[in-house]
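*Asks:* sequence first, then the predicted structure, then my questions.
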Amino acid sequence: MSRAKPVFGNNKELTLIVNSVYDVTEFDYKGELDFDSKINIDGFQQFIAYNKKMLEILDFVSHIALVDSTVLITGETGTGKEVLAKLIHSLSKRKNKPFIKVNCAAIPENLIETELFGYEPGAFTGASPRGKKGFFEIANNSTLFLDEIGELPLNTQAKLLQVLQDKKFTKVGSPKLIEVDVRIIAATNRKLEEMMEKNLFRQDLYYRLNVIPIDLPPLRERLDDIEPISTYIVQRMNNKYGFEKTLSRELIEFFKLLPWKGNIRELENVIEKLLVVVPRKEITKEDFLKLERTKKSEINPKQLISDCEKEVLLKLLSSSKSMRDMANKLGVSKATVIRKLKQYNISVHK
């Protein structure tokens, strides 16, 4: 087993990272771990990592955090992209400024430009008479985290490219250039290379964003992290709800056999549900299997609708020439199709 511990000087600057390697045959695990590999100093984000690849990523992050180069974090949903972005900010020279997060998928297409870049008073019907600062202006001298960057419409991608190149932008309704000093960290669970081939993502923007690429592995490839992460989640939930519960050895080993398509987020959801539902102090594998059987036996109308939507999307995906063709067949906008594909974690390989 290996783990890393950051060491900070008196000024709270990262001085070095100590990597330790242990022969696990020497340990008799009792269900309690001291989480030296958690970074939790004055608000530093927690990131539990015993897995070799994850420790290499954290070591890499400790170096690149000190520069202002743009970072592109990729990985499946629930792998910890936002947590890693916050860690980079916390280790950077910008750490005393707010970490600004924008979920590009959550902002309607017709509002994304004004949200990112702001607008002048009276720029359009319904605009505030005071105007509005955009996220880039708010994040000046700090870090701007653009989550779900693959959902940005093409016209906004062009303006984002301008900011990355020139460090300047214009508000909606104004010709005046505003200069900003912002570090960009972008994240996506989409395959941007495939989106470029379909002209859904600008190639020049991709190369501007992909200066420092970090690809987070899914939980199923981090089997040695499942136990410490599970233990940490249990401890946190125990503190939250006043429980004194544990997971059985058999259950933890069983967790290592599961695919965890939702990754850490799914693991956390499952553990919280077990702790709340099961009345006993020790949660067993049988408790988990019983919970899964109950879930499958329940008839959920929303789930039935979701299953039907997903089936239709999968069938149309194989018979459509493009996203626009698919949208036309469904009678919806292309943005809706893209959002639904993301919602159901459907990869586009065409």
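*Replies:* Here it is on my side, so go on. Numbering: from 1, shown residues only.
*Asks:* can you name the next helix or strand after the lowest-mean-pLDDT helix or strand in the chain?
*Replies:* Lowest by mean pLDDT, DSSP states H and E among the helices and strands of the chain is strand 14-21, with a mean of 49. Going down the chain from strand 14-21, the next helix or strand is helix 52-64, by DSSP states H and E.
*Asks:* could you chop this protein up by domain?
*Replies:* Following the assignment in automatic domain parsing, the chain carries domains at 1-64, 68-217, 219-297, 301-343.
*Asks:* where does the prediction get shaky in the stretch 101-250 of the chain?
*Replies:* By pLDDT under 70, the stretch 101-250 of the chain has no low-scoring segment.
*Asks:* could you pull out the strands for it?
*Replies:* Counting by DSSP state E, counting those that start in this stretch, the stretch 101-250 of the chain has strands at residues 143-147, 168-170, 177-179, 183-188, 212-215, 246-247.
*Asks:* can I assume Leu291 sits in a helix?
*Replies:* Yes: counting by DSSP: H, G, I helix; E, B strand; the rest coil, Leu291 is located in a helix.
*Asks:* I figured it hits Val277, correct?
*Replies:* Yes: at 6.6 Å, Leu291 counts as touching Val277 under the criterion of Cβ atoms under 8 Å. All C-beta spots, glycine's among them, are computed from the backbone N, C-alpha and C.
*Asks:* please identify which of these two sits among more neighbours.
*Replies:* A direct count of neighbours by other Cβ atoms under 10 Å for Leu291 and Val277 places Leu291 higher, at 15 against 12.
*Asks:* per-residue pLDDT, the more buried one?
*Replies:* pLDDT, Leu291: 87.
*Asks:* ditto for the one 3 residues further on
*Replies:* Here the pLDDT value assigned to Thr294 is 75.
*Asks:* wait, what's in contact with it?
*Replies:* By Cβ atoms under 8 Å, 6 or more residues apart in numbering, the contact list for Thr294 is empty.
*Asks:* got the CA coordinates for the helix or strand in which it is found in CSV?
*Replies:* Using DSSP H and E, Thr294 falls within helix 285-297. Presented in CSV, the C-alpha positions along helix 285-297 are these (Å, rounded to 0.1, in the frame of the first residue of the first chain):
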residue,chain,number,x,y,z
LYS,A,285,-23.1,-7.9,2.1
GLU,A,286,-26.6,-9.4,2.6
ASP,A,287,-27.9,-6.0,3.6
PHE,A,288,-26.6,-4.6,0.4
LEU,A,289,-28.0,-7.4,-1.8
LYS,A,290,-31.4,-7.0,-0.1
LEU,A,291,-31.4,-3.3,-0.8
GLU,A,292,-30.6,-4.0,-4.5
ARG,A,293,-33.4,-6.5,-4.8
THR,A,294,-35.9,-4.0,-3.2
LYS,A,295,-34.8,-1.3,-5.7
LYS,A,296,-35.4,-3.7,-8.7
SER,A,297,-38.8,-4.7,-7.4
